[in-house]
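# from the sequence below, what's the structure:
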Amino acid sequence: MDENETDNSDKLLGEINALLRSPRPATGKVKAKRPEITLHQLRIFWAVAHSETLTKAAKQLGLAQPSLSQQLSKLESIVGTRLFDRRSNQMTLTDAGHYLMSRAETVLRNMRELEDGLTQFSGGQRVTVRLSGINSVLRVILPAAITAMHAKFPDVDFDIQENAPGDVLELLYGRRVNIGLVASSSVAQASVGFLQVPIVDDPMVLVVPESLDLSNVRVPARDLRKGQRAVLNQSIQFIFGTQHAKRVEDWYDQMLPEHRVAAQCRSFEVAIGLVRAGLGVCLAPAISTVAGAGALDGVRLYKVQSPPRHIVAMVPSQYRRLEPYSTLLETLQDVGASFVAPTLEATPPFLDRPALNDL
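Numbers count the residues shown, from 1 in each chain. The predicted model follows:
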């Protein structure tokens with residue numbers, strides 16, 4: 001960030017506070033200085049405006065909710081008007097809130113770029129890279145990327161958090177992490193204000209118990225025994241959002257029309273564990289089936305006609321060119337490009353047709 005951008009940030013914050021200052025009275029008395037808006041208060045204001053509830057905003061910022069509410073009330077007191085309309089646990093911006101938001105976002109963005117840019121002058125001090133992502137990517141892709149990165153930046157350390165995609169977004173918006181590793185299909189494009197750096201394409205597979213051989217099955221009702229059909233028609237579904245859950249449900253309805261939902265999980269690893277126990281079958285990304293140097297034992301992995309999920313690194317735009325983040329992004333891409341999926345068996349004949357909707 002250049003000097004003009006820094007000056008603009010300082011100017012905007014100064015203008016916000018200048019608008020709030022009342023003219024001094026024409027008396028000999030010295031009036032107490034009116035409190036000024038702080039960056040901390042602007043960050044709280046921004047987080048509340050982008051969260052559904054105060055509870056989520058507090059979690060995002062790592063603050064106790066009473067402390068957050070107190071700071072928000074203090075900000076409204078300084079401004080002299082309400083910034084939010086509060087209606088049954090929902091908070092919407094008032095006209096004054098919208099006015100402040102347009103300027104606060106510029107101030108916070110410039111300050112973030114300033115803080116991040118100063119890391120290059122850390123003088124050998126340790127830099128902590130904060131990441132959040134989904135389990136499978138943190139287990140399979142990230143370790144090799146960190147190993148490669150340490151060859152160039154041996155003093156960098158990492159703060160790594162495993163989270164669901166929605167929580168990863170909240171942490172990014174709240175500036176609690178620098179990089180998020182998620183599937184692009186798991187986040188709404190319109191709500192994302194970050195670069196999406198492609199890391200790896202992860203094929204979808206049908207995971208079944210090892211004892212369930214589907215290689216020559218054309219008509220399950222004819223080619224499988226009763227017990228085998230029962231297992232095949234027990235679906236163990238992973239869901240992380242309404243849209244994805246609907247797409248998964250549609251896939252099972254089209255490909256396994258006699259199935260029933262045996263379990264719904266928030267983790268592919270849990271779903272696959274249930275499959276290994278012989279409790280049903282699961283549609284899952286190939287990376288989630290990796291254990292150590294190969295695939296999990298006790299299961300078979302079948303190809304399905306479905307597009308892969310696209311794993312991306314979500315980052316604020318300045319990190320694309322700022323070290324050590326740019327090198328980490330490059331190493332993540334290198335590891336993703338060299339990733340080899342576990343051995344997959346050919347698509348069973350009865351599934352060898354495209355689904356109507358992509359997953």
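# the bottom helix or strand of the protein by mean pLDDT?
helix 3-20 (a mean of 60; mean pLDDT, DSSP states H and E).
# which residues in this structure form strands?
Remark: strands of the chain, listed N- to C-terminal, are 84-87, 90-93, 128-133, 157-162, 179-183, 195-202, 204-209, 234-238, 260-265, 282-285, 290-291, 294-295, 299-303, 309-315; assignment by DSSP state E.
# can you put those strands in JSON lines and add distance to residue 75?
All C-beta spots, glycine's among them, are computed from the backbone N, C-alpha and C. Listed next are these as JSON lines, based on distance: least, C-beta to C-beta, whole Å:
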{"stretch": "strand 84-87", "distance to residue 75": "10"}
{"stretch": "strand 90-93", "distance to residue 75": "13"}
{"stretch": "strand 128-133", "distance to residue 75": "26"}
{"stretch": "strand 157-162", "distance to residue 75": "28"}
{"stretch": "strand 179-183", "distance to residue 75": "28"}
{"stretch": "strand 195-202", "distance to residue 75": "30"}
{"stretch": "strand 204-209", "distance to residue 75": "47"}
{"stretch": "strand 234-238", "distance to residue 75": "41"}
{"stretch": "strand 260-265", "distance to residue 75": "41"}
{"stretch": "strand 282-285", "distance to residue 75": "43"}
{"stretch": "strand 290-291", "distance to residue 75": "47"}
{"stretch": "strand 294-295", "distance to residue 75": "53"}
{"stretch": "strand 299-303", "distance to residue 75": "54"}
{"stretch": "strand 309-315", "distance to residue 75": "29"}
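# so which of these is nearest residue 330?
Ranking the strands of the chain by proximity to residue 330 (C-beta to C-beta) places strand 195-202 first, at 9.3 Å.
# re earlier: the strands of the chain: lowest mean pLDDT?
Looking over these, mean pLDDT reaches its minimum on strand 294-295, with a mean of 64.
# domain map for this protein?
Structural domains of the chain, as assigned by automatic domain parsing, span the residue ranges 3-117, 121-202+310-338, 204-306+342-351.
# ok, the closest residue to residue 287 other than its chain neighbours to residue 218 distance?
Nearest residue to residue 287, sequence neighbours excluded (C-beta to C-beta, 6 or more residues apart in numbering): residue 136, at 4.4 Å. Spatial separation of residue 136 from residue 218 under the definition C-beta to C-beta, to the nearest Å is 32 Å.
# tell me which of these two has more neighbours.
Under the neighbour definition other C-beta atoms under 10 Å, residue 136 and residue 218 were set side by side, and residue 136 has more, 24 against 10.
# quick one: residues contacting residue 207.
271-272, 275, 281-284, 289, 299-301 (C-beta atoms under 8 Å, 6 or more residues apart in numbering).
# beta-bridge partners for it, please?
Going by DSSP bridges, residue 207 is paired in beta bridges with residue 282, residue 301.
# low-scoring stretches of the stretch 201-350 of the chain, by residue?
Counting by pLDDT under 70, the stretch 201-350 of the chain has low-confidence residues at 240-244, 292-295.
# residue boundaries of the helices in it?
220-223, 226-232, 242-255, 268-276, 325-338 (DSSP state H, counting those that start in this stretch).
# the residue nearest to residue 287 contacts residue 288, correct?
Yes: A contact is recorded between residue 136 and residue 288 when judged using C-beta atoms under 8 Å, the distance being 4.1 Å.
# which residues are in contact with each of those two?
Counting by C-beta under 8 Å, 6+ apart, the shared contacts of residue 136 and residue 288 are 268-269.
# still on that earlier bit, and the contacts of residue 207, which is closest to residue 252?
residue 283 (7.5 Å).
# need the contact list for residue 329.
By C-beta under 8 Å, 6+ apart, the contact list for residue 329 reads 179, 197, 313, 315, 319-320.
# who wins on neighbours among these?
For those, neighbours tallied by other C-beta under 10 Å; top is residue 313, 28 neighbours.
# could you find the closest non-adjacent residue to it?
residue 197 (4.3 Å).
# wait, that neighbour touches residue 333, no?
Yes: at 7.1 Å, residue 197 and residue 333 qualify as touching, with contact defined as C-beta under 8 Å.
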